[in-house]
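Colleague: With the sequence up front, the predicted model follows.
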Amino acid sequence: MYEAVCSLAVDGRIAHVPDVAQMTGQPEHEVRQRLVRLVENGWLNQKGEGFALGPHDWGLEY
């Protein structure tokens with residue numbers, strides 16, 4: 001799930017449950033539960049109905 005949110009963040013997008021469900025092939029209720037758990041553990045931030053990366057110390061090099 002985290003990787004799906006990261007891939008959307010590269011494009012400057014906020015991750016929404018239906019998008020992540022489509023990307024991962026997982027049911028929306030499971031995606032929502034896992035994303036909420038990532039928020040609880042500080043990996044993601046909830047932004048309204050979407051999810052964004054939380055604090056991180058990595059970047060991408062192209």
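Modeller: Structure received.
Colleague: need the next SSE after the longest helix along the chain, C-terminal direction.
Modeller: Secondary structure of the chain per DSSP state H: the longest helix is helix 28-40. Next in sequence after helix 28-40, counting helices and strands by DSSP states H and E, comes strand 44-47.
Colleague: Quick one: list the elements packing against that following strand.
Modeller: Packed against strand 44-47 by the contact rule (3 or more CB pairs under 8 Å, 6 or more residues apart in numbering; DSSP states H and E) you find helix 28-40, strand 50-53. For every residue, glycine as well, the C-beta is placed using N, CA and C.
Colleague: Stretch 22-36 spans what distance, first to last residue?
Modeller: 17 Å (CA to CA, to the nearest Å).
Colleague: which of the helices and strands packed on strand 44-47 is buried the deepest?
Modeller: The highest average neighbour count among these, using mean count of other CB atoms under 10 Å, belongs to strand 50-53 at a mean of 20.
Colleague: Which helix or strand contains residue 26?
Modeller: Using DSSP H and E, no helix or strand contains residue 26.
Colleague: May I ask which helix or strand of the chain has the lowest mean pLDDT?
Modeller: helix 2-10 (a mean of 89; mean pLDDT, DSSP states H and E).
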